[in-house]
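> Pasting a predicted model and its sequence here:
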Amino acid sequence: MNAYLLPARRWYLLVVLALLILVPRAVQAARDEAVDFLNDDFYAEEGAETEVPDPLEPLNRVMFTFNDKAYLWVLKPVTTTYADTVPWEMRWCIDSFFNNLLEPVRFANALLQLRLGDAGTILGRFLINSTLGVFGLADVAEREFEIPTVEASLGETLATWGIGDGLYLVVPFYGSTTLRDFTGTMAETFVTPYYLLADSWREESLIYAGKNINNLTFHLGEYEQMKELSFDPYIALRNGYFQYRRQQRSRAETENNGE
């Protein structure tokens, strides 16, 4: 009987790890992509045609519902308990540390996109926070020098190289993305410090889970607010994703044009 129970337990562990690792990423994306949900201009666009085709909308809606329930039933209780247990100052240091570890990946993507100004800013942040910030435990670059985080992803790099979006997707445990952006995210996974430094997939998974849950503690309630303010949360989140992408693309184009 143990021969049958052991695989089942392993599958259960994999599912739980997937929930803890990727669902926080989906909620974080929802927060980032829905920055302007409270603005009238956003709702004016809610009925507009999307910029990326969504032929899989029926399936995407099923995945959206799945991610929604996974967050509300599993992740939110776990994150709330963690937030009540770990002091805010410690959680902030952990979040700052992991954010600093991602700066080399952002730096490489900024260079590949020829965003030299952004690359210099990212490098400067990394050097300041790794030294004055004690290995990134404090974001001295933003707090003392007013140098905010600059995002630069492989998905944006692929777009710069002329690779199209593909389809709009809602990925289980992940959230809103496009075929190109999801491919870029998965490829980036193999060059992040977590992957390079971890001794096993279990160790890497636990690091990812801890990082994402810790970050989510600072944004509890924001996803629920977005849902309450939307007639159709699926459409609102999809439009929020496209709005976020437009903002990122506009900023990158401004940097490339030297403005």
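Ah, there it is. Numbering: from 1, shown residues only.
> what about the helix or strand hosting V62, distance to the chain center?
Mapping V62 onto the secondary structure by DSSP states H and E places it in helix 57-70. Remark: helix 57-70 is offset 18 Å from the chain centroid, using CA atoms, centre = their mean, to the nearest Å.
> can you list contacts of that helix?
The contact list for helix 57-70, computed with CB atoms under 8 Å, 6 or more residues apart in numbering, reads 19, 23, 26, 54, 168-175, 233-234, 237. All C-beta atoms are positioned from the backbone trio N, CA, C, and that covers glycine.
> Can you name every helix or strand that the helix or strand in which Y234 is found contacts?
According to DSSP H and E, Y234 maps onto helix 233-256. On a contact count with 3 or more CB pairs under 8 Å, 6 or more residues apart in numbering; DSSP states H and E, helix 233-256 meets helix 2-33, helix 40-44, helix 57-70, helix 116-131, helix 154-160, strand 175-178, helix 222-228.
> weakest of the ones you listed in terms of mean pLDDT?
Least confidently modelled of the helices and strands packed on helix 233-256 is helix 40-44, at a mean of 44 by mean pLDDT.
> Just the CA trace of stretch 151-164, in PDB.
As requested, C-alpha coordinates have been extracted for stretch 151-164 and formatted as PDB (Å, rounded to 0.1, in the frame of the first residue of the first chain):
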ATOM      1  CA  GLU A 151      12.000  46.700 -14.400                       C
ATOM      2  CA  ALA A 152      13.400  44.900 -17.400                       C
ATOM      3  CA  SER A 153      12.200  41.400 -18.300                       C
ATOM      4  CA  LEU A 154      13.100  38.900 -21.000                       C
ATOM      5  CA  GLY A 155       9.600  39.300 -22.400                       C
ATOM      6  CA  GLU A 156      10.300  42.900 -23.100                       C
ATOM      7  CA  THR A 157      13.600  41.900 -24.600                       C
ATOM      8  CA  LEU A 158      11.900  39.500 -27.000                       C
ATOM      9  CA  ALA A 159       9.400  42.200 -27.900                       C
ATOM     10  CA  THR A 160      12.300  44.600 -28.700                       C
ATOM     11  CA  TRP A 161      13.700  41.900 -31.000                       C
ATOM     12  CA  GLY A 162      10.400  41.900 -32.900                       C
ATOM     13  CA  ILE A 163       8.900  38.800 -31.500                       C
ATOM     14  CA  GLY A 164       5.100  39.100 -31.300                       C
END
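> May I see the buried residues of that stretch?
Within stretch 151-164, the residues scored as buried using 16 or more other CB atoms under 10 Å are E151, A152, S153, L154, G155, E156, T157, L158, A159, T160.
> residues contacting the second one?
It stands for A152. Shown in contact with A152 (CB under 8 Å, 6+ apart): R106, F107, N109, A110, Q113, R115, D118, A119, I122, A252.
> The same query, at a cut-off of 7 Å, please.
Shown in contact with A152 (CB atoms under 7 Å, 6 or more residues apart in numbering): R106, N109, A110, Q113, R115, D118, I122.
> I'd say the fourth one and G155 touch.
Right, Q113. No - shown here, Q113 and G155 do not form a contact pair, counting by CB atoms under 7 Å, at 10.8 Å.
> Mind listing the strands the one helix or strand L169 maps to pairs with, and their directions?
Secondary structure from DSSP H and E places L169 in strand 168-171. Applying DSSP bridges to the sheet, strand 168-171 is found paired with strand 175-178 (antiparallel).
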